[in-house]
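Asker: Sequence plus the predicted model coming up.
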Amino acid sequence: MQITAQPLTADAFAPFGDVLDARGPADRLINAGLCERFHDRALLDFGAGRAGISIFKAVPRSLPYICTLLERHPEGSQAFVPMSADPFLVIAAPDAGGRPGAPLAFLSDGAQGINFHRGTWHGVLTPLAAPGLFAVIDRIGPGANLEEFPLDPPLTVIG
Ligand SMILES: NC(=O)N[C@@H](O)C(=O)O
Ligand code: NI
């Protein structure tokens, strides 16, 4: 299967999670008017676990990208916040009876992060430029929080 990555927008990504960016009007002006707060922009869910922030340093990939696996975290949401202003690739799919449905691919604009809602099928963190540095906010807790689905044949994502 081959799919074309589309621009990452809140509406297009809504079935899968939240886009974290400073588009549109801010919710609050804070810090003596020197800072715009785009308040509470993601649905975080860590079940019986707790929130954790980890730093990922991932190997940059390139398009066309061959995706061989989708995964999901049944016990919690997972947010990817880039620490460099570079676009990255996001792959997500609806659930179809316990397996991924038709996947979609998105390209961020370099000023966006994303938050996968709990249980959303997705490709692993996929930077497209070095240093591939991200803050990742996800569930810390006991038990398995990872379900993997190998893609056979693999999914090819083009720009
Ligand atoms: N395994 C891990 O911590 N990361 C993945 O869940 C991922 O989506 O990159
Ligand atoms: Ni994940």
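Answerer: On my side now, so go ahead. Bear in mind the structure is a predicted one, so any value in this text is a computation, not a measurement. Numbers count the residues shown, from 1 in each chain. Ligands and ions are numbered 1, 2, ... in the order given.
Asker: From now on I want contacts and neighbour counts done on CA atoms only, so please keep to that.
Answerer: Noted.
Asker: so what pLDDT did the nearest residue to residue 149 once chain neighbours are set aside get?
Answerer: Excluding its sequence neighbours, the residue lying closest to residue 149 (CA to CA, 6 or more residues apart in numbering) is residue 70, at 5.2 Å. The score at residue 70 is 98. That number is its pLDDT.
Asker: which SSE is residue 70 in?
Answerer: Assigned by DSSP states H and E, residue 70 belongs to strand 65-72.
Asker: again with residue 81
Answerer: With DSSP H and E as criterion, residue 81 is part of strand 78-82.
Asker: what pairs with that strand, and is each one parallel or antiparallel?
Answerer: Its sheet considered, strand 78-82 pairs with strand 113-116 (antiparallel), strand 133-140 (antiparallel) by DSSP bridges.
Asker: Minimum distance to residue 94: which of those has it?
Answerer: The closest of the strands paired with strand 78-82 to residue 94 is strand 113-116. By CA to CA, the value is 11.6 Å.
Asker: what residues does the closest one touch?
Answerer: For strand 113-116, the surrounding residues in contact (CA atoms under 8 Å, 6 or more residues apart in numbering) are 16-21, 42-44, 77-82, 122.
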